[in-house]
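sequence unknown, structure follows:
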């Protein structure tokens, strides 16, 4: 009897572990287009609403900061590529999906050697895991913050999978979505209807198996991240090149 | 080494130390030395989308934080591309000053004062 109980307990444990693993297995990543400035959006997802494309190589998109004894470590990137699929006109903030890729080697801290270390094997290992990826599964807690004839702003919670260092973890990130309709003024900056996604959140290096010995000692485990993604219904490869 | 030579060496070490500390204070008292990064500077100069949303919406948005592209003479080297720092001046200066004292004392012992 006790042997049967032991086997049942073990089997239950294996099933629970498998379910847990399955729940944190992120769907496959979208592929980048040949010019590597946007992602190829799955057709079935694009059909669900209006597609907005991230506009890389322009404003800062991601900024991070973490505590360290000598000086805080700060970094930024403007090379995020990705998309968000807005919901129906009546509720565009109810995103049908989205995915953003941040190339690890695009993170700049202001010190070249530190950038190298960050992308190195002991930290984020850019060779094995070139991108940090966030995949939106759903949006919840949508509240309208402001609505006018030209723009609308919503507070939301983005629910999805964050993949860092090859490890995926479910995350819920509070964000603000601001939809700005195309006009003569906006067209002078970027073509198409525009969307700004702003979010501040914290990730823990240990959650993503970044296990350098100094984590938690000389470098804080918690990383504060500011994300500001400006997106357009016109993909980056079709935006006019800005004259400098 | 004569006393005069020792004092000259000490003065030079002092100048190097004080100079490096002044450079450290004048460039932001950063822990690590760094040089301007053209890519960072270009990214930081691009604010047109942020300004557009600020102008066209009523949302009170704080400016996105940024990493400065700057020159800084830090306490420690920032790597092979930024090898100079307070430590790279003060460390050798201390060693040279200690050496100057040592060699001056050795010279004094080797040539004892013969006047009484």
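Okay, I see it. Here the structure is a predicted model, which is why all the values come from computation and not from measurement. Numbers count the residues shown, from 1 in each chain, chains lettered A, B, ... in the order given.

So which residues of chain A form strands?
A:50-54, A:62-66, A:73-77, A:81-86, A:97-103, A:131-147, A:151-164, A:167-180, A:194-204, A:222-232 (DSSP state E).

Indicate each strand paired with the first one and its parallel or antiparallel sense.
The one in question is strand A:50-54. Neighbouring strands of strand A:50-54 in its sheet, by DSSP bridges, are strand A:81-86 (antiparallel), strand A:222-232 (antiparallel).

Tell me what angle the shortest one forms with strand A:194-204.
So the one you mean is strand A:81-86. Angle of strand A:81-86 versus strand A:194-204, following axes from the mean of the first three to the mean of the last three CA atoms, to 10 degrees, is 110 degrees.

re the thing from before, export the strands paired with strand A:50-54 to JSON lines and append columns for mean neighbour count, distance to residue A:68 and mean pLDDT.
In this view, the C-beta of every residue, glycine as well, is placed from N, C-alpha and C. Conversion of the strands paired with strand A:50-54 to JSON lines gives the following (neighbours: other CB atoms under 10 Å in any protein chain shown; distance: least, CB to CB, whole Å; pLDDT from 0 to 100):
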{"stretch": "strand A:81-86", "mean neighbour count": "25", "distance to residue A:68": "29", "mean pLDDT": "97"}
{"stretch": "strand A:222-232", "mean neighbour count": "22", "distance to residue A:68": "11", "mean pLDDT": "95"}
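
Throw those strands into TSV and include distance to residue B:86, thanks.
As requested, the strands paired with strand A:50-54 are arranged in TSV below (distance: least, CB to CB, whole Å):
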stretch	distance to residue B:86
strand A:81-86	41
strand A:222-232	29
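
Starting from residue A:160, give me the distance back to residue A:70.
Between residue A:70 and residue A:160 the computed distance is 35 Å (CB to CB, to the nearest Å).

More neighbours: the two, which one.
In this view residue A:70 and residue A:160 are compared by other CB atoms under 10 Å in any protein chain shown, and residue A:160 has more residues nearby, 24 against 12.

give me phi/psi at the nearest residue to residue A:88 once chain neighbours are set aside?
The spatial neighbour of residue A:88 that comes closest, neighbours along the chain excluded (CB to CB, 6 or more residues apart in numbering or on different chains), is residue A:49 at 6.7 Å. With angles defined as degrees, to the nearest 10, residue A:49 sits at phi 180, psi -160.

With residue B:72 instead?
Backbone torsions of residue B:72, given as degrees, to the nearest 10, read phi -140, psi 130.

List the buried residues in the helix or strand where residue B:14 lies.
Here residue B:14, judged by DSSP states H and E, is contained in helix B:3-26. Along helix B:3-26, these residues count as buried under the neighbour rule (16 or more other CB atoms under 10 Å in any protein chain shown): B:6, B:9, B:10, B:13, B:16, B:17, B:20, B:21, B:23, B:24.

so residue A:102 touches residue A:132, yeah?
Yes - applying CB atoms under 8 Å as the test, residue A:102 and residue A:132 come out as touching, 4.3 Å apart.
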